[in-house]
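J.: Model the following, please.
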Amino acid sequence: MYFYQIIKKHNLMKKLLISTVLTAIVGCSTAENQPAQEKEKQKEETTQNPTHKYGGWYCPDNLNGFPAVNLKEWKNVPVINGRLPTEEEAKSEKSLIFVDRNLYPTAKAMDIELPKLAKFYNDYSKKTEVVIIIQAIEIEGDSIIGFRYLNGGNGSAHYKEVTFISENEVATISNAQFVSFNININASDNKVWEVMTQSKFTSKLQPLFDIKDYLNKDWKTKSNINYNYTSLKNMTSEYANKLYGCWYIQNDYLIDNIGYVEKFLLLRDEETNQTELKIVCGPFKDDFETQQFVLHQWAEKVKELSEE
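T.: Numbers count the residues shown, from 1 in each chain. As a prediction, the model looks like this:
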């Protein structure tokens, strides 16, 4: 049984297929790139259950394979119903898990009409998130679901770890939108990372998102990026480092008990020495258009400073 993730790494024109034996993986980042607490948690889980680590896959940076989806469009995501996916389908946006029937002859798809919306507590972002269930399987007495995050990326969990959302509940969830776009920069990923994160560039980027100069003078000392939307007091988790060989920032927040996320992924093309900056922020409601403008202006300034 294999998990598949399609990501761009060093060449933006090629997709790299990552396939790993399922019993040996519980996350998409390599052990070298994971925070210490994540590695310790995985070590503990593997010790407790060495043969059934089918749930727990966490790939928030897979923005190519599974881009962000606005809530009002969740029913339109591609899925496979009534059967297990083929190997080719497991490499696509339709599915996540390929089951080798020679090894697992009794494995089957669960009797669930997909896609489904569900709530899932994410141990990494430290908050409950709404996810789109796109796969559900039964294998060796275990029930596993595969899902995509509304804010992009994908993951898996045990069936008991998710709570399905009824149609009536769906109607009560805000139809907020994500700002999601890419920008190509004629500079190395290291240079772009420097502009995005180092304080010597703060004064040039801050006026784009802090027009009225509300932020305290020392705000950047507590932030991992030269960008700010909400108070850092609302933050539930943060990550700023290389993930699977690519520079990646993810900051998660709870604003009035509503989840908000910032994702910044750098994908380098070694042949051209260009970098693609992928941005996903939100969800935004009433201020969507304003924040869309701000983030595009901010990204253009990052491009300008990086290319200098």
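J.: List the contacts of residue 165.
T.: Counting by CB atoms under 8 Å, 6 or more residues apart in numbering, residue 165 touches 116-119, 130, 173. For glycine as for every other residue, the C-beta is placed from the backbone atoms N, C-alpha and C.
J.: For the residues you listed, give me TSV that also has neighbour count and secondary structure.
T.: Rendered in TSV, the data for these read as follows (neighbours: other CB atoms under 10 Å; DSSP: H, G, I helix; E, B strand; the rest coil):
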residue	neighbour count	secondary structure
116	20	strand
117	21	strand
118	19	strand
119	14	strand
130	19	strand
173	14	coil
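J.: can you tell me which two in those are farthest apart?
T.: Of all pairs drawn from these, the widest gap by CB to CB lies between 116 and 173 and measures 13.7 Å.
J.: so where's the stretch 51-200 of the chain shaky on pLDDT?
T.: For the stretch 51-200 of the chain, the stretches flagged by pLDDT under 70 are 51-54.
J.: try 90
T.: When residues are selected by pLDDT under 90, those of the stretch 51-200 of the chain lie in 51-57, 90-91, 98-101, 103-104, 140, 167-176.
J.: can you pull out the strands in it?
T.: Across the stretch 51-200 of the chain, reading from the start of the chain, the strands by DSSP state E, counting those that start in this stretch fall at 58-59, 97-98, 108-109, 116-122, 127-139, 142-149, 154-158, 162-164, 177-185.
J.: Out of those, which gets nearest to residue 199?
T.: With distances scored as CB to CB, the stretch of the strands of the stretch 51-200 of the chain nearest to residue 199 is strand 177-185 (20.2 Å).
J.: Give me the residues contacting that closest one.
T.: Applying CB under 8 Å, 6+ apart, the set of residues contacting strand 177-185 from outside is 67-70, 150-152, 192, 274-285, 288, 291-292, 295-296, 299-300, 302-303, 306-307.
J.: and those, which of them are in strands?
T.: Here DSSP state E is the test, and the contacts of strand 177-185 give 274-284 as lying in strands.
J.: Please list only the buried members of these.
T.: Burial by neighbour count, judged by 16 or more other CB atoms under 10 Å, picks out 274-284 from these.
J.: What is the nearest of these to residue 257?
T.: Ranking those by separation from residue 257, with CB to CB as the measure, puts residue 283 on top at 13.6 Å.
J.: Longest helix of the chain, counting residues only.
T.: Taking DSSP state H as the assignment, the helix of the chain that covers the most residues is helix 288-307.
J.: gap between that helix and the chain center?
T.: 21 Å (CA atoms, centre = their mean, to the nearest Å).
J.: For it, list every residue counted as buried.
T.: Quick answer for helix 288-307 (16+ other CB under 10 Å): 288, 291-292, 294-295, 298-299, 301-303, 305-306.
J.: Would you mind getting the angle between that helix and strand 274-284?
T.: Computed by axes from the mean of the first three to the mean of the last three CA atoms, to 10 degrees, the angle separating helix 288-307 from strand 274-284 equals 160 degrees.
J.: Give me the contacts around stretch 216-233.
T.: The contact list for stretch 216-233 (CB under 8 Å, 6+ apart) reads 195-199, 201-202, 205-206, 209-210, 215, 238, 240, 249, 251, 253, 255, 260, 262, 264, 281, 291, 298.
J.: export that stretch as CSV, just CAs?
T.: What follows is the C-alpha trace of stretch 216-233 in CSV, where atoms were taken according to Å, rounded to 0.1, in the frame of the first residue of the first chain:
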residue,chain,number,x,y,z
ASN,A,216,4.6,48.2,17.4
LYS,A,217,8.1,48.9,16.5
ASP,A,218,9.3,45.5,17.7
TRP,A,219,6.7,43.4,16.1
LYS,A,220,9.1,41.7,13.7
THR,A,221,11.2,40.3,16.6
LYS,A,222,8.3,38.0,17.3
SER,A,223,7.3,37.3,13.7
ASN,A,224,8.9,34.8,11.2
ILE,A,225,8.0,36.8,8.1
ASN,A,226,7.9,40.4,7.0
TYR,A,227,4.1,40.3,6.8
ASN,A,228,1.3,40.7,9.3
TYR,A,229,-2.5,40.4,9.2
THR,A,230,-3.6,39.7,12.7
SER,A,231,-2.2,39.9,16.2
LEU,A,232,0.4,37.3,17.1
LYS,A,233,-1.6,36.7,20.2
